[in-house]
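Participant: Structure for this input, please:
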Amino acid sequence: MHQLINNLLNNDLILYHHKATFMDIKNKKENTMQPFEIGDVFLGCTALNDEIDDHKGDGRILQYDRDFNLKGVLWTEGTEHLVIGLTIDPSGVLWGFDMHNHVVVRVSSDGKQLPNHHFANRAFSNVTFDHEGNIYLGEALVGNTPYPGSYMKRLPGSDLLGNANIYKYDPQFNLLEVYDVDYSPEFHQFKGITHSTMHPSEEFITYTTEIGKKIMRFNIQKSEQMEDLLVLPGDLMDQNVAIAVNYLNDGRLLHSRGNRIEILNDDGGIIQTIDLEEHGWGIAQLIPSHDQEHIFTANIFTGVALKTRISDGAIMGSIETGYKVPRRSLAGIAEYG
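Facilitator: Residues are numbered from 1 along each chain as shown. Sure thing, here's the model as predicted:
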């Protein structure tokens with residue numbers, strides 16, 4: 001059900017709030033994803049079904065049109081846990097990840113899942129690309145202390161969850177290089193490279209360890225760690241943390257900070273703040289829209305996806321998935337454009 005909330009200034013866009021429940025979709029398990037169209041929005045929203053492991057369930061990607069009308073659903077093959085980190089590559093393929101099981105999901109622009117390619121025995125959760133088509137996969141896990149109650153696959157012959165590196169592949173999926181990068185310890189002690197974004201210059205990748213204290217950078221031209229873009233004060237329990245990052249085309253960096261989004265320049269200075277109030281904490285991913293005038297966010301705690309206008313912070317639309325704490329699974333968002 002869609003409800004018209006308000007006509008915005010100059011009638012430039014209509015604000016929608018989507019409150020549909022997805023129990024019927026969950027029960028049918030029918031793939032109805034449609035060919036991608038400009039402005040389509042995709043949500044990684046796994047149908048959780050385990051009483052003990054609250055990250056486990058039937059992998060699912062929801063598809064909406066530009067006005068947040070539900071268009072289709074894809075039940076992902078080969079996944080058993082949260083489908084996260086949705087990203088559209090330069091060729092129009094939608095990527096996603098089940099990091100718990102070392103699975104990389106790819107969906108072609110015709111709405112069909114491509115055969116899963118096993119890149120490595122690694123917990124990848126994020127990807128970025130350069131103009132030559134090379135692929136940079138971020139390893140989301142580190143150490144040997146998994147999320148309590150949740151299954152996380154170990155590295156073969158080891159008790160480690162991962163090493164928090166970045167892996168570079170060519171367009172044919174051949175491994176070219178493994179970057180031994182820094183990460184930022186956080187109080188859960190299992191998160192590595194959780195969010196990454198390519199700088200428009202393609203000289204370096206900017207990345208975070210979710211709820212760590214740093215925004216870090218790695219120069220992929222020189223294969224060397226750069227000075228941190230941002231280091232936050234305080235201890236690991238104070239909620240003054242770095243979360244998700246993504247670049248706008250002009251080099252401004254979007255950074256989710258709990259109850260707000262900060263937009264940073266290349267020196268790490270704050271040039272704008274967008275207040276999210278109750279919509280902030282729990283942002284699993286944020287992305288710029290194809291028009292570069294809006295931000296899409298996916299909140300895993302509330303189960304709500306938002307479209308926010310950059311110029312004034314106005315909320316232009318929302319989707320309520322119905323999956324919120326404690327049954328939370330909204331862990332990825334992407335827009336086709």
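Participant: what residue is smack in the middle of this structure?
Facilitator: In the chain, the centroid-proximal residue (CA atoms, centre = their mean) is G85; its distance is 3.2 Å.
Participant: That one: helix or strand, and which one exactly?
Facilitator: Per DSSP states H and E, G85 falls inside strand 84-88.
Participant: Sheet partners, orientation included, of that strand?
Facilitator: strand 94-98 (antiparallel) (DSSP bridges).
Participant: C-terminal to the partner strand, what's the next element?
Facilitator: Going down the chain from strand 94-98, the next helix or strand is strand 103-107, by DSSP H and E.
Participant: That following strand vs strand 94-98, what angle?
Facilitator: Angle, strand 103-107 to strand 94-98, by axes from the mean of the first three to the mean of the last three CA atoms, to 10 degrees: 160 degrees.
Participant: where does the protein dip in pLDDT?
Facilitator: 1-28 (pLDDT under 70).
Participant: Enumerate the positions of stretch 162-180 that are buried.
Facilitator: For stretch 162-180, the neighbour count (16 or more other CB atoms under 10 Å) marks G162, N163, A164, N165, I166, Y167, K168, Y169, Y179 as buried. For every residue, glycine as well, the C-beta is placed using N, CA and C.
Participant: Now do the phi/psi pair for the last one.
Facilitator: Spelled out, it's Y179. With angles defined as degrees, to the nearest 10, Y179 sits at phi -90, psi 120.
Participant: what's across from it in the sheet?
Facilitator: I166.
Participant: Now do the contacts for it.
Facilitator: Neighbouring residues of Y179 by CB atoms under 8 Å, 6 or more residues apart in numbering: N165, I166, Y167, K168, F218, I220, S223.
Participant: hang on, the earlier thing: from the chain's centre, how far out does the strand holding G85 sit?
Facilitator: On the basis of CA atoms, centre = their mean, to the nearest Å, strand 84-88 sits 5 Å off its chain's mean C-alpha point.
Participant: can you list contacts of it?
Facilitator: 42-44, 61, 94-99, 125-128, 284-285, 331-337.
Participant: again, 7 Å this time
Facilitator: 42, 44, 94-97, 99, 125-127, 284-285, 331-334, 336 (CB atoms under 7 Å, 6 or more residues apart in numbering).
Participant: now, which of those lie within strands?
Facilitator: Of the positions in these, 42, 44, 94-97, 125-127, 284-285, 331-334 sit in strands, assigned by DSSP state E.
Participant: nearest to L229, of those?
Facilitator: Of all the ones in strands among the contacts of strand 84-88, N126 has the smallest distance to L229: 16.9 Å, by CB to CB.
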